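K.L.:
pasting the sequence and the predicted coordinates here, then a few questions.
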Amino acid sequence: MAIVRQARREDIAAMRRIRMAVRENRLRSTVITEDHYVPTLETTGHSWVAEVDGRVVGFAIGNAETGNIWALFVDPEHEGRGHGRALHDAMVEWLFARGLAHLWLGTEPGTRAERFYRAAGWRCTGKAANGEALYELSSPRLR
């Protein structure tokens, strides 16, 4: 089983490697650099990694100011083992503990990611201008 821990700057290269390896919700732009990860680790949010035998196999990033889920990805070689759910649950718990009432994200429609979020209790709220399906999760305090 994976260990979920807070991400550090030295994890960014592994996070980028995983982000570029995913089969769904692929980046449409390669403009995102390692420098884009730093604020999400240190200023605007919080980041987690799932680690197996010392190797980062997944990561999650949530924005503590806006409630946006910026990333939740698992290395394709490690999918289906519960790492995504463990990362999701750690991230959601932390963000709601900060007092956020709602979290939100966008994902490609018709993907495994979309089914994952629905199964985790997220509610579809519409479509973004770029065609992504928009989802929202309310704090348990509001349910």
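P.N.:
Received, thanks.
K.L.:
is it true that residue 94 touches residue 46?
P.N.:
Yes. Shown here, residue 94 and residue 46 form a contact pair, counting by Cβ atoms under 8 Å, at 5.7 Å. To be clear about C-beta, it is placed using only N, CA and C from the backbone, and glycine gets the same treatment.
K.L.:
joint contacts of these two?
P.N.:
residue 62 (Cβ atoms under 8 Å, 6 or more residues apart in numbering).
K.L.:
ranges for the helices of the chain?
P.N.:
Remark: helices assigned in the chain by DSSP state H are 12-21, 34-42, 83-97, 112-119.
K.L.:
between these, which one is nearest to residue 3?
P.N.:
helix 83-97 (9.2 Å; Cβ to Cβ).
K.L.:
buried residues in the worst-scoring helix or strand of the chain on mean pLDDT?
P.N.:
Least confident helix or strand, the chain: helix 34-42 with a mean of 74, by mean pLDDT, DSSP states H and E. Residues of helix 34-42 classed as buried by neighbour count (16 or more other Cβ atoms under 10 Å): 37, 40-41.
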